[in-house]
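> I need the structure of the sequence given here:
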Amino acid sequence: MACFNLLAIVEATLRSMVCEASSLPQLSREILCVLRALRMARA
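Next up, the predicted model:
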């Protein structure tokens, strides 16, 4: 259960980073890839 909470925190942090880095397309793409990997790991 703690692992899922940690993933949720990481995902929220990365989402906020994507918003702040919207002017940096490459970084945003990399972060979105990480989010997808987290979602797959959680499924």
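> for this protein, where's the lowest mean pLDDT among helices and strands?
Ranked by mean pLDDT, DSSP states H and E, the weakest helix or strand in the chain is helix 2-20, scoring a mean of 77.
> Now tell me what touches that one from outside.
With contact meaning C-beta atoms under 8 Å, 6 or more residues apart in numbering, helix 2-20 is reached by 27-28, 31-32, 34-35, 38, 41-42. No exception for glycine: its C-beta is placed from N, CA and C like everyone else's.
> in that helix, what's buried?
14, 18 (16 or more other C-beta atoms under 10 Å).
> now that helix, how far from the chain's geometric center?
5 Å (C-alpha atoms, centre = their mean, to the nearest Å).
> What's the separation between residue 28 and residue 18?
Applying C-beta to C-beta, to the nearest Å, the value for residue 28 to residue 18 is 5 Å.
> And for residue 11?
Residue 11 sits 10 Å away from residue 18, going by C-beta to C-beta.
> Same check on residue 30?
10 Å.
> and if you look at residue 4?
According to C-beta to C-beta, residue 4 and residue 18 sit 21 Å apart.
> coming back round to it: just the buried ones from the contacts of helix 2-20, in PyMOL syntax?
A single PyMOL command selects the buried members of the contacts of helix 2-20 (16+ other C-beta under 10 Å):
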select buried, resi 28+31
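> re the thing from before, what's the angle from whichever helix or strand comes after the least confident helix or strand of the chain to helix 2-20?
Downstream of helix 2-20, the first helix or strand assigned by DSSP states H and E is helix 25-42. Here helix 25-42 runs at 160 degrees with respect to helix 2-20, directions being taken by axes from the mean of the first three to the mean of the last three C-alpha atoms, to 10 degrees.
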